[in-house]
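**Q** sequence plus the predicted model coming up.
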Amino acid sequence: MLSLREKKKIEKKKFKKIHPSLVQLWIYFNGSAFFEIINNRLSNEYFGFYTR
């Protein structure tokens, strides 16, 4: 059996391994949504100018 302290160490290691990838995913999704909004605004202004 693992002691409680050893279990906590393992949990921390797991968390450290998972944590950066979660942050990267969060940034990736927020970034892509952010850029999509900008691209939509730009293309709407750009193409709206020509379609008028």
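**A** That came in fine, so what should we check first?

**Q** and the gap between residue 40 and residue 22?
**A** 27 Å (C-beta to C-beta, to the nearest Å). To be clear about C-beta, it is placed using only N, CA and C from the backbone, and glycine gets the same treatment.

**Q** now swap in residue 36 and tell me
**A** Applying C-beta to C-beta to residue 36 and residue 22 gives a distance of 21 Å.

**Q** in the chain, where is pLDDT below threshold?
**A** Low-confidence segments of the chain (pLDDT under 70): 1, 14-19, 46-52.

**Q** for residue 11, give its distance to residue 3.
**A** 13 Å.

**Q** oh sorry, the question was meant for residue 35
**A** 48 Å.

**Q** now do residue 31
**A** 42 Å.

**Q** ditto for residue 27
**A** The value you get for residue 27 to residue 3, if C-beta to C-beta is used, is 37 Å.

**Q** same deal with residue 26?
**A** Counting by C-beta to C-beta - residue 26 and residue 3 are separated by 34 Å.

**Q** one more: residue 34?
**A** 46 Å.

**Q** what is the burial count for residue 37?
**A** 10 (other C-beta atoms under 10 Å).

**Q** going forward can the numbers begin at 271, since that is how I track them
**A** OK, 271 is where the count begins now, so the last one is residue 307.
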